[in-house]
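J.: what's the 3D shape of this:
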Amino acid sequence: LQINNYHENGKARVFNVPNLDLLDSDGILEPGTRDKPIHLKLTVSPGNIIRVYVNDAATPVVETTYENYAGGYLGLCSYNGAATFSNVTFQESQEPNFNTNLTGFKEEGTWSITNKGYRGDNDDNGGNVFSFSDVVIPEGASFILEGDLHIDNPKGGAGLVIAQNPANPYETWICANIDKYYGSTTRLFKNNGADVWG
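T.: The predicted structure follows:
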């Protein structure tokens, strides 16, 4: 992660050396940021989603997904000039009670790691939010998918999902879910833009 101040208003840039072709994204800093102290925050969330926040803004100046992210050592660096670092903190956001052998989650909608586990949240807008791992089940293969589930909203539902195309999960998906809105019912259904069978 790098802050450049030699542009008109400066840029925040996140990149991977030597894989610039896979990760090299930037965003323009707000006017007036140049030549002033900057509070910088870098987050990596499930699905290898990288976000860069500047000066405690609610919206990231850079947001990108880097599938090849593999972790590593944390540190500081200056390039072609002098930089002063202060108040550097690190926080691991993944709580120990979210344990899974699935990998590479990609989120569609609002997801976060909380002290209860991995939370999908769509209380405000209704509808569905999805998070899919990079584990692919071959056609005709047998498998077991299970997990502990807690539904916070008394009118909400949640479940385990299989989708043919995680890039557009609304196309075709199969879900085994629990729905509190209909009296805590359990349902298995297929959706292809609308419920096909249930």
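
J.: go through stretch 143-160 and flag the buried ones.
T.: Ile151, Gly156, Gly157, Ala158, Gly159 (16 or more other C-beta atoms under 10 Å). The way it works is simple: take the backbone N, C-alpha and C, and place the C-beta from them, glycine included.

J.: please apply the same query to stretch 107-119.
T.: Residues Glu107, Glu108, Trp111, Ile113, Gly117, Tyr118, Arg119 are the ones in stretch 107-119 that count as buried (16+ other C-beta under 10 Å).

J.: with just CA atoms, put stretch 11-21 into CSV.
T.: The C-alpha atoms that make up stretch 11-21 are tabulated as CSV, following Å, rounded to 0.1, in the frame of the first residue of the first chain:
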residue,chain,number,x,y,z
LYS,A,11,-3.1,8.9,-4.9
ALA,A,12,-3.5,5.9,-2.7
ARG,A,13,-2.2,2.8,-4.5
VAL,A,14,-2.3,-0.9,-3.5
PHE,A,15,-0.1,-3.2,-5.5
ASN,A,16,1.9,-6.5,-5.4
VAL,A,17,5.5,-6.8,-6.5
PRO,A,18,6.3,-8.5,-8.8
ASN,A,19,2.7,-9.2,-9.8
LEU,A,20,1.6,-5.8,-10.9
ASP,A,21,-0.5,-7.3,-13.6
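
J.: buried residues, it. List them.
T.: Within stretch 11-21, the residues that qualify as buried by neighbour count (16+ other C-beta under 10 Å) are Lys11, Ala12, Arg13, Val14.

J.: nearest to Asn168, of those?
T.: Top of the list for closeness to Asn168, among the buried residues of stretch 11-21 and by C-beta to C-beta, is Val14 at 25.9 Å.
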